[in-house]
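**Q** What follows is a predicted protein model with its sequence.
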Amino acid sequence: MQVRGLLLLLALILLAATAEAGKNKKEKAKKDGSECEDWRWGPCVPNSKDCGLGYREGTCKDESKKLKCKIPCNWKKKFGADCKYKFESWGGCSAQTGVKTRSGILKKALYNAQCEEIVYVTKPCSSKIKSKSKAKKGKGKD
């Protein structure tokens with residue numbers, strides 16, 4: 001019986017400690033953060049070149065902040081790193097233009113970014129014909 005009571009007491013102490021730790025995190029967030037709720041964020045500006053680590057500036061009333069951010073080096077520069085799209089499959093190759101086209105529908109706009117709802121991308125048609133037997137070429141045929 002005493003073991004059960006001891007376990008119950010230990011569980012209550014752990015529960016109280018966990019609740020207190022949660023309060024401290026919320027208070028810390030308020031100290032570091034802001035009471036302002038209507039933040040407007042600018043684009044991520046890379047520290048050098050056009051991709052990699054950088055920062056974005058935000059303003060809310062009279063306050064301003066800088067957040068660290070990262071622009072992947074393979075991002076679609078035309079759309080901005082804060083606009084996320086879901087793209088369909090590539091269309092067929094146009095004989096007239098020599099390019100393939102596909103469209104993307106806006107999936108998510110990060111940091112209040114102004115994004116187009118639908119975007120179109122093109123790429124040159126491949127002149128190479130991919131085949132699975134390409135890797136086997138030259139093996140054992142001498």
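**A** Sure thing, it's come through.
**Q** Now the element after the longest strand along the chain, going C-ward?
**A** Looking across the chain with DSSP state E, the single longest strand is strand 99-109. Using DSSP states H and E, the helix or strand that directly follows strand 99-109 along the chain is strand 118-124.
**Q** neighbouring strands for that next one, and are they parallel or not?
**A** Using DSSP bridges, the strands paired with strand 118-124 are strand 99-109 (antiparallel).
**Q** List the buried residues for the partner strand?
**A** Taking 16 or more other CB atoms under 10 Å as the neighbour-count basis, strand 99-109 is seen to contain the buried residues Lys100, Gly104, Leu106. Heads up, the C-betas are built off the backbone N, CA and C, glycines and all.
**Q** Next: stretch 89-97.
**A** By neighbour count, with 16+ other CB under 10 Å as the criterion, the buried positions of stretch 89-97 are Cys93.
**Q** Can you show me the CA trace of that stretch as PDB?
**A** Included here for stretch 89-97 are C-alpha records, laid out as PDB according to Å, rounded to 0.1, in the frame of the first residue of the first chain:
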ATOM      1  CA  SER A  89       3.300  16.400 -65.000                       C
ATOM      2  CA  TRP A  90       5.200  17.800 -67.900                       C
ATOM      3  CA  GLY A  91       3.200  18.100 -71.100                       C
ATOM      4  CA  GLY A  92       4.300  16.800 -74.500                       C
ATOM      5  CA  CYS A  93       7.000  18.500 -76.500                       C
ATOM      6  CA  SER A  94       5.900  21.200 -78.800                       C
ATOM      7  CA  ALA A  95       7.400  20.700 -82.300                       C
ATOM      8  CA  GLN A  96       7.000  24.500 -83.000                       C
ATOM      9  CA  THR A  97       8.700  25.900 -79.900                       C
END
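**Q** if you average pLDDT over it, what comes out?
**A** The predicted model assigns stretch 89-97 a mean pLDDT of 93.
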